[in-house]
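Participant: Everything below, folded, please.
(one chain, ligands or ions: 3)
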Amino acid sequence: MGCGNSKSAAISSAGGSDSVRDNKLKKSKIVFVVGGPGSGKGTQCERIVGKYGFTHLSTGDLLRAEVTSGTERGQRLNAIMSRGELVPMETVLQMLKDAMLFKVDSAKGFLIDGYPRELSQAEAFEKKIAIPKLVLYINASSETMMERLMNRAKTSGRADDKAETFKARLQTYYEATEPVVQRYDSKGLVKKISAEGTADEVFKLVCEALDSLK
Ligand SMILES: Nc1ncnc2c1ncn2[C@H]1C[C@H](O)[C@@H](COP(=O)(O)OP(=O)(O)OP(=O)(O)O)O1
Ligand SMILES: Nc1ncnc2c1ncn2[C@H]1C[C@H](O)[C@@H](COP(=O)(O)O)O1
Ligand SMILES: [Mg+2]
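Facilitator: Ligands and ions are numbered 1, 2, ... in the order given. The predicted structure is shown next:
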């Protein structure tokens with residue numbers, strides 16, 4: 001119930017008690033967008049927002065905003081991300097929940113990009129927020145991901161877009177995140193999208209998957 005900082009005050013003042021807002025979140029349409037580094041999650045999310053009007057929340061973007069704000073916590077997060085490792089779940093889940101609560105009144109649905117990245121994150125999200133309606137699995141080969149990351153690194157300015165980190169990020173993805181896909185596949189929630197084609201080709205497949213969502 002804490003309103004001890006300006007962010008939680010802003011969330012609470014947006015309407016309704018904490019439990020009412022938690023209930024709204026529970027009922028919202030949530031799509032997880034999962035895939036390896038550089039597979040094209042952000043690219044597809046941007047297009048989905050344009051066509052379907054969902055609210056896009058990227059945990060990587062939320063974390064980078066914290067880094068940019070220059071806090072001590074941001075500096076610690078930056079060091080972890082620059083090594084290609086995952087940041088502690090408690091930090092990322094709280095940031096994500098705050099961002100979802102902030103938008104819950106206006107969101108037609110949520111596209112959660114980059115979360116969950118490990119099984120414990122999936123379990124915690126389901127317990128504390130909601131069960132997702134769909135998991136979009138953006139699937140590209142490691143060669144394709146590497147090539148896209150190397151291209152993006154020329155202009156992105158991201159601290160983790162450097163050759164030394166790519167391998168670690170891919171390894172983290174295969175070890176920690178692929179089990180998440182298996183978990184949701186066994187529940188019939190996964191739509192696997194081949195991300196090898198052009199962004200337009202991939203988007204067509206994404207639309208087919210989203211149109212099946214009622
Ligand atoms: N289908 C595609 N064909 C060619 N290039 C693509 C395609 N989709 C995305 N890209 C480009 C855009 C970027 O420069 C780069 C990575 O895409 P991006 O959407 O940023 O990946 P991502 O969000 O999955 O990566 P990360 O997990 O590192 O944030 O590849
Ligand atoms: N869900 C997450 N859990 C832990 N760490 C995360 C999460 N989302 C992002 N991060 C960290 C680790 C990633 O390598 C960087 C960049 O994320 P990206 O989705 O590639 O922009 O942030
Ligand atoms: Mg991204």
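
Participant: if I look at residue 53, how far off is residue 213?
Facilitator: Residue 53 sits 14 Å away from residue 213 when distances are taken as C-beta to C-beta, to the nearest Å. For the C-beta atoms, the positions are set from N, CA and C on the backbone; glycine is no exception.

Participant: Ligand 1 contacts on the protein?
Facilitator: 35, 37-43, 60, 148, 151-152, 195, 198-199, 202 (C-beta under 6 Å from any ligand atom).

Participant: What is the nearest of the residues you listed to residue 169?
Facilitator: Using C-beta to C-beta, residue 37 is the member of those that lies nearest residue 169, at 4.3 Å.

Participant: Measure how buried the closest one is and give me the count.
Facilitator: 25 (other C-beta atoms under 10 Å).

Participant: Surely it is within a helix?
Facilitator: No. Residue 37: not assigned to a helix; according to DSSP: H, G, I helix; E, B strand; the rest coil it is coil.

Participant: Am I right that residue 157 falls within a strand?
Facilitator: No. Residue 157 is assigned coil when assessed by three-state DSSP, not a strand.

Participant: Who are the contact partners of the residue nearest in space to the middle of the chain?
Facilitator: Against the mean C-alpha coordinate of the chain, by C-alpha atoms, centre = their mean, the closest residue is residue 113 at 2.2 Å. By C-beta atoms under 8 Å, 6 or more residues apart in numbering, residue 113 lies in contact with 33, 41, 42, 45, 56, 57, 58, 59, 60.

Participant: How about residue 171?
Facilitator: Residue 171 is in contact with residue 84, counting by C-beta under 8 Å, 6+ apart.

Participant: Could you do residue 114 as well?
Facilitator: If you count contacts by C-beta under 8 Å, 6+ apart, then residue 114 has 33, 41, 58, 59, 60 around it.

Participant: Count the neighbours of the second one for me.
Facilitator: If you count neighbours by other C-beta under 10 Å, residue 41 ends up with 23.

Participant: Repeat that for the first one.
Facilitator: Residue 33 sits with 26 neighbouring residues when counted by other C-beta under 10 Å.

Participant: cool, and the third one?
Facilitator: Applying the criterion other C-beta under 10 Å, we find 20 residues in the vicinity of residue 58.

Participant: The residue nearest to it when sequence neighbours are not counted pairs with what?
Facilitator: Residue nearest to residue 58 in three dimensions, not counting chain neighbours: residue 113, with 4.2 Å by C-beta to C-beta, 6 or more residues apart in numbering. Bridge pairing for residue 113 (DSSP bridges) gives the partners residue 33, residue 58.

Participant: Next one: residue 113 from ligand 2, what distance?
Facilitator: To ligand 2, residue 113 is 7 Å away according to C-beta to the nearest ligand atom, to the nearest Å.

Participant: so what pLDDT did that residue get?
Facilitator: At residue 113, the model reports a pLDDT of 98.

Participant: before we move on, back to that, redo the contacts of residue 114 as a markdown table? Include distance to residue 98 and pLDDT.
Facilitator: Listed next are the contacts of residue 114 as a markdown table, based on distance: C-beta to C-beta, whole Å; pLDDT from 0 to 100:
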| residue | distance to residue 98 | pLDDT |
| --- | --- | --- |
| 33 | 19 | 98 |
| 41 | 21 | 98 |
| 58 | 14 | 98 |
| 59 | 12 | 98 |
| 60 | 16 | 97 |
